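Q: Provided below are the primary sequence and the corresponding predicted coordinates.
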Amino acid sequence: MAPVPPRAKKAPRTWDSLAQALPPWILDYLQTSGFEQPTPVQKSTLDLFRGNKDVVVEAVTGSGKTLAYLIPVVEKLLRGDEAAKRHHVQGIIIAPTRELAQQIYNVCVNLIKFHPLSAEQLQHDRDEKRTITSEPVVYPQLLVGGTTKAAEDLSAFLRLSPNLLIGTPGRLAELLASPYVKAPASTFEVLVMDEADRLLDLGFSQELNRILGYLPKQRRTGLFSASLSDAVERLVTVGLLYPHRITVRVRNLKDGGEIQERKTPMSLQMSYLITPASQKMPALCQILEKLDPRPARSIVFFSTCFAVKYFARVLQGVLPEGFNIVSLHGKLEPQVREKNFERFVNSTSPSVLLTTDIAARGLDIPQVDLVVQHDPPTDTKVFIHRCGRAGRAGRRGLAVVFLQPGREEGYLQLLEVRQTPCTPLERPEIILTEEKAKAISSKIRKQAIADREVYQLAQRAFVSWARSYIEHQASSIFRISDLDWVDLAHGYGLVELPKMPEIKGKNIDRSLGLGIDVEAIPFKEKAREQKRLEELEKWKKEKAARIASQENANAEPGQKRKKNEAWSEKQDAEELKVARREKKRKRREAERASKMTEKEKLEHMKLEDMIEKVRKQNEEKAREEAEERRKERAAMGVDGKTYGAFGKGLPSKKKVVAEDSDDEFGGFDD
Ligand SMILES: Nc1ncnc2c1ncn2[C@@H]1O[C@H](COP(=O)(O)OP(=O)(O)OP(=O)(O)O)[C@@H](O)[C@H]1O
């Protein structure tokens, strides 16, 4: 057992105790927001990042990292004697999702409203050209795609000349590709990557390389996340060779006096529930029902978009009364996604957000009291971020992960090693019975029997879930061969198990002993059902004709059966779908164009042409530069593999380890 070290006398952590005093307008903002003192991560980061150092910051969720970088960023943009030239960008903040970028933008706007000159500029009519002042100001632009076109963003950039860009990688890269957008070494100050480990993932590498290709090497860079340790090998890709590293952990005094370091805030109760798949929904219902006080906002994480879509459809009437269900996933239309998110954030009655990892990181939604992980995340890093949507800034929260009995219980050891330990869920007490599970399953199933659309959605959701299970990084814990398929099917309220390669050859009754004639399940919508019946009839006739002709062909020697017939039918349907989608897109485009004036149309076409041209040029340039960087790294002997885990890896000038505790073992503000 580690002995308890004597308590070190700490200097008080106040805004006045920062190495450099904050300007009065920032102090004014902090006071108005009720932020009486800096959080531990703010104290350490502000001293270094304001002091012109590159920083790599890993601190618990909800500990105030946004302001830890926003304050230095706005200060850097305001420190010169003159305003930035028109169309010169001075700072960029990148975030992995639209919702997070929007949130950072909102915090930034709220902050700079306290800077009189910047506030004045924000007020001017956004449809007109902005008059550049002689004195420096901060003027941010949000670049997230989805609801606006790249050409519209570029046109706003040209009109408003923002000096701080906040956005997602794809849209930022597109804007920077324009020759009108400039970020020369003489002007550009600072790059921040929020949720940096996610941005350094392979999935974003192309866009990130393009963005870096437009930025000067002489700049300040800050990387922030609650889980950066695993990404340290990739820091070199953003040109960070000797960053200052700041790590904020929580020290917890366990029963028996042992000190435990953890990466989650003290205000967040981290729990698990071992439950068969068929009992997950009853367990969720009981948690919602029994939690006292009733959770204002809850988030339930699933592993796929289809699972979210399906459960959002069937759970109303299954969850306890009085809870609104809202869904958020990447397959929603951008406008719907935006609307749903706002609906959840602004809800005044208890609400449950069903979502995927799209909402796992960074979102600072007020009053999230409960996070339930119906499916553990396929990427282990994401676990901490999902939990961290609750228990933020000292507010109490509960995070529960559901694990199936057996091998999945091994996940608990993995969480322990990753300093995100969980304890069994004791309060509220969950009592699971077979009757309750059956009742919920049958409630869901009834909806599928009443509407083919729900039946199809259920099948699709289940298949997508099975595919995601195979994707688990911790593949020795999450093994598809260990799954109890029939129990899982009941958990989803299926009327039959879909035909899947995963269950092929297994002795499983796909009908689940329910004996439901799935072909007879109708679409609720009359016209759709009529069409289905006609198609079914046609298909049956064609099939009969095919079999007949096959039999004739087989009768002739040397003839082989055409194996890909069914597949080619599917292919035709797929192509038809794509063609329909394209038609719809063109119709929408035409509608939009019809509302434009001739001048606007011309401008729009020119912009689109230009963007396309520049995009092609820049893709080529980014490829060349990536190759150059690779060669540079090879020449320096830096190949990523040589560096170990966080703390032992890349050389750093200084490592600051701050504790997320004001008193000896408590969480901040707790
Ligand atoms: N000094 C402070 N005192 C009290 N509350 C603060 C302080 N600074 C920020 N907060 C509040 O703490 C909450 C969490 O902040 P923020 O979203 O920046 O956390 P984070 O560390 O970025 O979390 P995540 O890792 O989940 O992205 C916000 O609601 C913010 O307003």
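A: Cool, got the structure.
Q: what does stretch 488-501 rub up against?
A: Applying Cβ atoms under 8 Å, 6 or more residues apart in numbering, the contact partners of stretch 488-501 are 276-281, 310, 314, 437-438, 440-445, 447-449, 455, 458-459, 461-463, 465-466, 485-486, 503, 508, 510-512, 514, 516, 518, 521. (Glycine included, C-beta is placed from N, CA and C.)
Q: make it 6 Å
A: 277-278, 280, 441, 444-445, 448, 458-459, 462-463, 466, 510-512, 516, 518 (Cβ atoms under 6 Å, 6 or more residues apart in numbering).
Q: quick one: pLDDT of the nearest residue to Val144 once chain neighbours are set aside?
A: With Cβ to Cβ, 6 or more residues apart in numbering as the criterion, Val144 has its nearest non-adjacent residue at 4.1 Å, and that residue is Arg98. The model reports Arg98 with a pLDDT of 95.
Q: One more: Ser568?
A: At Ser568, pLDDT is 46.
Q: Residue numbering should commence at 740 henceforth.
A: Understood, numbering begins at 740; the last thing we discussed is Ser1307.
Q: ok, Val1057 - contacts?
A: 1179, 1182.
Q: For it, give its distance to the ligand.
A: 30 Å (Cβ to the nearest ligand atom, to the nearest Å).
Q: do the same with Leu1171
A: 31 Å.
Q: That residue looks like it's in a helix, true?
A: No - counting by DSSP: H, G, I helix; E, B strand; the rest coil, Leu1171 is not found in a helix; it is coil.
Q: Could you double-check that the residue nearest to Val883 sits in contact with Gly884?
A: No - Arg837 lies out of contact with Gly884 (Cβ atoms under 6 Å); the separation is 7.1 Å.
Q: Which one of these two is surrounded by more residues?
A: Arg837 (23 against 18; other Cβ atoms under 10 Å).
Q: Next up, the contacts around that one.
A: 883, 885, 907.
Q: For the ligand, state which of those residues is nearest.
A: Thr907 (15.3 Å; Cβ to the nearest ligand atom).
Q: Nearest spatial neighbour of the residue nearest to the spatial centre of the chain, chain-adjacent residues omitted?
A: Nearest to the mean C-alpha position of the chain, by Cα atoms, centre = their mean, lies Ile1097 at 3.0 Å. For Ile1097, ignoring the flanking residues on the chain, the nearest one in space by Cβ to Cβ, 6+ apart is Gly1069 at 5.3 Å.
Q: mind checking the SS state of that neighbour?
A: Relying on three-state DSSP, one would call Gly1069 coil.
Q: still on that earlier bit, give me the lowest-pLDDT entry from the contacts of Arg837.
A: Gly885 (83).
Q: which residues touch that residue?
A: Gly885 neighbours (Cβ under 6 Å, 6+ apart): 837, 1073.
Q: And for Pro908?
A: 833, 943, 946-947.
Q: for Arg1128, same thing?
A: 1038, 1107, 1110.
Q: can you rerun that using 8 Å?
A: 800, 1038, 1098-1099, 1102, 1104, 1107, 1110.
Q: Show me which of these are buried.
A: For the contacts of Arg1128, a burial check counting by 16 or more other Cβ atoms under 10 Å picks out 800, 1038, 1098-1099, 1102, 1104, 1107, 1110.
Q: out of the residues you listed, who's nearest Arg937?
A: If you rank the buried ones among the contacts of Arg1128 by distance to Arg937 using Cβ to Cβ, Ala1099 comes first, at 9.1 Å.
Q: So which bits of the host helix or strand of Arg1271 are buried?
A: Element membership for Arg1271, per DSSP states H and E: helix 1265-1294. Buried positions in helix 1265-1294, judged by neighbour count with 16+ other Cβ under 10 Å: none.
Q: hang on, the earlier thing: also within reach of the ligand: list those from the buried ones among the contacts of Arg1128.
A: Restricting the buried ones among the contacts of Arg1128 to those within reach of the ligand (Cβ under 6 Å from any ligand atom) leaves Thr800.
Q: Which one of the buried ones among the contacts of Arg1128 is nearest to the ligand?
A: Among the buried ones among the contacts of Arg1128, and counting by Cβ to the nearest ligand atom, the member closest to the ligand is Thr800, at 3.7 Å.
Q: Now do the same for the closest one: helix, strand or coil?
A: Strictly by three-state DSSP, Thr800 counts as coil.
Q: Now it, what are its backbone angles?
A: Backbone geometry at Thr800, expressed as degrees, to the nearest 10, gives phi -60, psi 150.
Q: and the closest residue to it other than its chain neighbours, how many residues sit next to it?
A: Nearest non-adjacent residue to Thr800, counting by Cβ to Cβ, 6+ apart: Gly1127, 2.4 Å away. For Gly1127, the count of nearby residues is 29 (other Cβ under 10 Å).
Q: Same question for Glu1077.
A: The burial count for Glu1077: 18, using other Cβ under 10 Å.
Q: Which strand or helix spans it?
A: Assigned by DSSP H and E, Glu1077 belongs to helix 1073-1084.
Q: Outside of that helix itself, which residues are in contact with it?
A: For helix 1073-1084, the external contacting residues (Cβ under 8 Å, 6+ apart) are 837-838, 884-886, 1036, 1065-1069, 1071, 1090, 1092, 1104-1105.
Q: Spell out which parts of this protein neighbour the ligand.
A: Residues of the chain lying near the ligand (Cβ under 6 Å from any ligand atom): 774, 777-778, 781, 798, 800-806, 965, 1101, 1103, 1127, 1131-1132.
Q: Check the chain for its longest strand and report it.
A: When the chain is parsed with DSSP state E, its longest strand is strand 983-992.
Q: In the stretch 890-1039 of the chain, what residue lies closest to the ligand?
A: For the stretch 890-1039 of the chain, Cβ to the nearest ligand atom, closest residue to the ligand: Ala965, 4.1 Å.
Q: How about that residue: what's its closest non-neighbour residue?
A: The nearest residue in space to Ala965 (Cβ to Cβ, 6+ apart) is Thr800, at 4.7 Å.
Q: before we move on, what about Lys1029?
A: Nearest non-adjacent residue to Lys1029 (Cβ to Cβ, 6+ apart): Pro1167, at 3.5 Å.
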